[in-house]
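*Asks:* Let's see this in three dimensions:
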Amino acid sequence: MTPLEDELRSLLRRREPPEGFTDRVMERLARPPARRPPFGRAWGRRWVQWAAVAAIVCLLVGAGLAKLQRRREGEAARVQAMLALRMASAQLNGALRKVVELQPWRAPGRGGAGSE
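*Replies:* Prediction:
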């Protein structure tokens, strides 16, 4: 046999219970069961319940504020993008006017090349 098997045999061999073991078990069975809170001893205390509720409320408020902040940042980015597009459009329109002014043979509002 291997040493592991020997050790398991010695640990699992039958032993007699200590003196008074049966009496203690029977006495404990005769007592009514102690009423315990459903989630353990600590959960039965009121301050633990209130602390858990407060933690959940803080998490929800924090998540709501973070979402609101992201929405505000997105809105500000949208406003900046629209302003940048308007500025670029104004510059492109100015450049287009200059190009049209430099080409007097092409009157605005008429067709392209070869339509004359």
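*Asks:* Spatially central residue for the protein, please.
*Replies:* The structure's the chain has its C-alpha centroid closest to residue 63; by CA atoms, centre = their mean the separation is 8.4 Å.
*Asks:* mind checking how far that residue is from residue 17?
*Replies:* Distance from residue 63 to residue 17, counting by CB to CB, to the nearest Å: 56 Å. Every C-beta, even on glycine, is put in place using the N, C-alpha and C of the backbone.
*Asks:* cool, residue 60 as well?
*Replies:* 54 Å.
*Asks:* before we move on, back to that, distance of the residue nearest to the centre of the chain relative to residue 73?
*Replies:* Residue 63 sits at a distance of 16 Å from residue 73 (criterion: CB to CB).
*Asks:* ditto for residue 57
*Replies:* Residue 57 is 25 Å from residue 73, by CB to CB.
*Asks:* again with residue 66
*Replies:* 11 Å.
*Asks:* which SSE is residue 54 in?
*Replies:* helix 46-102 (DSSP states H and E).
*Asks:* so for that helix, what's the average pLDDT?
*Replies:* Helix 46-102 carries an average pLDDT of 94.
*Asks:* I'm done for today, thanks for sticking with me.
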